[in-house]
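>>> build me a model from this:
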Amino acid sequence: MVKVAIVGATGYTGLELIRILVNHPVAEVVMVTSESYKGQKISHVFPGLKGLCELELVDFDADKVADCAEVAFVCLPHGASMEKSQKLYARGMRVVDLSGDFRFKNAETYEKWYKIEHLFKNLLKEAAFGLPELFRDEIVRTRLVANPGCYATSVILALYPLVSEGIISSYPVVADCKSGVTGAGRKPSQRLHYPECNESFMAYSVSGHRHNPEMEEVLLRATGIETQILFIPHLIPMNRGILSTLYVNIDSGLRWEDIYEVYAKYYENEPFVRLYSEGELPTTKDVRGTNYCDIGWVVREDRKKLVVVSAIDNLVKGASGQAVQNMNVMLEMDETAGLIGAPFWV
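As a prediction, this is how the structure comes out:
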């Protein structure tokens, strides 16, 4: 068995990791850490884990984590994550960091958007961006994976084939994205208070969101082509899910079938990307609780506009499921291990 530690286990991503890993055929969770709930059982914090995971939450100690586990998932906010990930990496562990601390190769970009000094710039070149569909070869060679942002996952997967094949005739691409409230984490705030967000629909970070430069940098790294994305995120009153609608300028004359051939070229053998048939578009319900990214599209009548719709579960393919997928790739085991399942339909 592969022994796994979860650092910061009492947030939504920590809970989702446990939910996935209790059914993993090879991995076993052996340590869970928390500053706020130390001394309590994880099943006390999340009663739904009774009989499934009864570990006691402990303080973080890098030596103790490295002594008992081979892989660590670090589920802490940006800034707080980088130091703990560095300590575990220095002790020879494989680390999947779910924060934004190692997603950028350029430390200046990180510091501009996150307003925090990066303390381990030397590790940025070591970290692989954890989108297996694009960077599988890098992930398998490293011990440090930067799990992508949830919005970034949904947009990059939808745009990568189009950028790579030169389908986009002009920029910017408009990325109109909606997320459930779990994307903001478990920490209470007024904006996420039930009467504040229920029966409402709001745009936020309209002047700039940190996932925007992440999308553009990663697409440049993967394709060698500079892109411009006008990304507008929205908060929608549901628990989980992201729906991204992308408005793309294309050359006239392209048909639905032409776009299908482009997507199939890149994703035909990818286990977690599903392409929809003509006349169908994905919804968040189709992917809820799964590690799938579902993609559908429409070529408008003038054949100069392409509308692409991408759906993921922000807690699974957008966070914890993708983290497990990255662990599977790093360890060169079945990439789908622990991750195949039907959606939570109701």
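>>> how far away is residue 331 from residue 27?
According to C-beta to C-beta, to the nearest Å, residue 331 stands 9 Å off from residue 27. C-betas here are computed from N, CA, C, even on glycine.
>>> report the set of residues contacting both of those two.
By C-beta atoms under 8 Å, 6 or more residues apart in numbering, residue 331 and residue 27 have these common neighbours: 2, 71.
>>> so between those two, which is more surrounded?
Neighbours per residue, other C-beta atoms under 10 Å: of residue 331 and residue 27, the larger number sits with residue 27, 24 against 17.
>>> give the bridge partners for that one, please.
residue 2 (DSSP bridges).
>>> these two touch, right, it and residue 20?
No - using C-beta atoms under 8 Å as the test, residue 27 is too far from residue 20 to be in contact (9.0 Å).
>>> between these two, which contacts overlap?
324, 338.
>>> the residue nearest to residue 329 when sequence neighbours are not counted: which element?
Nearest-residue entry for residue 329: residue 139, 4.7 Å, with adjacent residues in sequence omitted and distances by C-beta to C-beta, 6 or more residues apart in numbering. Take DSSP states H and E as the rule and residue 139 turns out to sit in helix 132-141.
>>> now do the strands in the stretch 51-200 of the chain.
Using DSSP state E, counting those that start in this stretch, the strands of the stretch 51-200 of the chain run over 57-58, 71-74, 94-97, 128-129, 144-146, 168-179.
>>> least trustworthy helix or strand in the chain by mean pLDDT?
Taking mean pLDDT, DSSP states H and E as the measure, the chain has helix 194-197 as its least confident helix or strand, at a mean of 77.
>>> what does the domain assignment say about the protein?
The chain breaks down by automatic domain parsing into domains covering 2-126, 151-314.
>>> dump the helix ranked longest in the chain to PDB, restricted to CA.
The longest helix of the chain (DSSP state H) is helix 150-164. Provided in PDB are the C-alpha atoms of helix 150-164 (Å, rounded to 0.1, in the frame of the first residue of the first chain):
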ATOM      1  CA  CYS A 150     -10.300  24.900 -10.500                       C
ATOM      2  CA  TYR A 151     -11.200  27.600 -13.000                       C
ATOM      3  CA  ALA A 152      -7.900  27.200 -14.800                       C
ATOM      4  CA  THR A 153      -8.500  23.500 -15.200                       C
ATOM      5  CA  SER A 154     -11.900  24.000 -16.900                       C
ATOM      6  CA  VAL A 155     -10.600  26.700 -19.200                       C
ATOM      7  CA  ILE A 156      -7.200  25.300 -20.200                       C
ATOM      8  CA  LEU A 157      -8.600  21.900 -21.100                       C
ATOM      9  CA  ALA A 158     -11.200  23.500 -23.300                       C
ATOM     10  CA  LEU A 159      -8.800  25.900 -25.000                       C
ATOM     11  CA  TYR A 160      -5.600  23.800 -25.300                       C
ATOM     12  CA  PRO A 161      -6.400  21.900 -28.600                       C
ATOM     13  CA  LEU A 162      -7.900  25.100 -30.200                       C
ATOM     14  CA  VAL A 163      -4.700  27.100 -29.400                       C
ATOM     15  CA  SER A 164      -2.400  24.300 -30.400                       C
END
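>>> remind me what that helix packs against, helices and strands.
Judged by 3 or more C-beta pairs under 8 Å, 6 or more residues apart in numbering; DSSP states H and E, helix 150-164 is in contact with helix 132-141, strand 168-179, helix 211-223, strand 229-235, strand 242-250, helix 256-267, strand 293-299, strand 305-312.
>>> got the CA positions of the second one in CSV?
Backbone C-alpha positions of strand 168-179 (Å, rounded to 0.1, in the frame of the first residue of the first chain) are rendered in CSV as follows:
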residue,chain,number,x,y,z
ILE,A,168,-8.5,30.8,-32.8
SER,A,169,-8.4,33.6,-35.3
SER,A,170,-8.2,36.5,-32.9
TYR,A,171,-8.0,37.3,-29.2
PRO,A,172,-9.1,37.7,-26.5
VAL,A,173,-11.1,34.6,-25.8
VAL,A,174,-14.0,35.5,-23.4
ALA,A,175,-14.2,33.0,-20.5
ASP,A,176,-17.5,33.4,-18.7
CYS,A,177,-17.3,31.0,-15.7
LYS,A,178,-19.6,30.1,-12.9
SER,A,179,-18.7,28.3,-9.7
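>>> tell me what it is packed against?
Going by 3+ C-beta pairs under 8 Å, 6+ apart, strand 168-179 lies up against helix 150-164, strand 229-235, strand 242-250.
>>> contact partners of the second one?
For strand 229-235, the external contacting residues (C-beta under 8 Å, 6+ apart) are 151, 155, 159, 171-179, 181, 183-184, 191, 197, 201-206, 209, 211-212, 215-216.
>>> chain center to that strand: distance?
Centroid displacement of strand 229-235 relative to its chain, using C-alpha atoms, centre = their mean, to the nearest Å, is 16 Å.
>>> now do the buried residues in that strand.
For strand 229-235, the buried set under the neighbour-count rule, 16 or more other C-beta atoms under 10 Å, comprises 229, 231, 233, 235.
>>> of those residues, which one scores lowest on pLDDT?
Among the buried residues of strand 229-235, residue 235 carries the lowest pLDDT, at 94.
>>> may I ask which two of the buried residues of strand 229-235 are separated the most?
229 and 235 (19.3 Å; C-beta to C-beta).
>>> residue contacts, the closest residue to residue 296 other than its chain neighbours?
Nearest non-adjacent residue to residue 296, counting by C-beta to C-beta, 6+ apart: residue 276, 3.5 Å away. Listed by C-beta under 8 Å, 6+ apart, the contact partners of residue 276 are 282, 294, 295, 296, 297.
>>> thanks again, I'm all set now.
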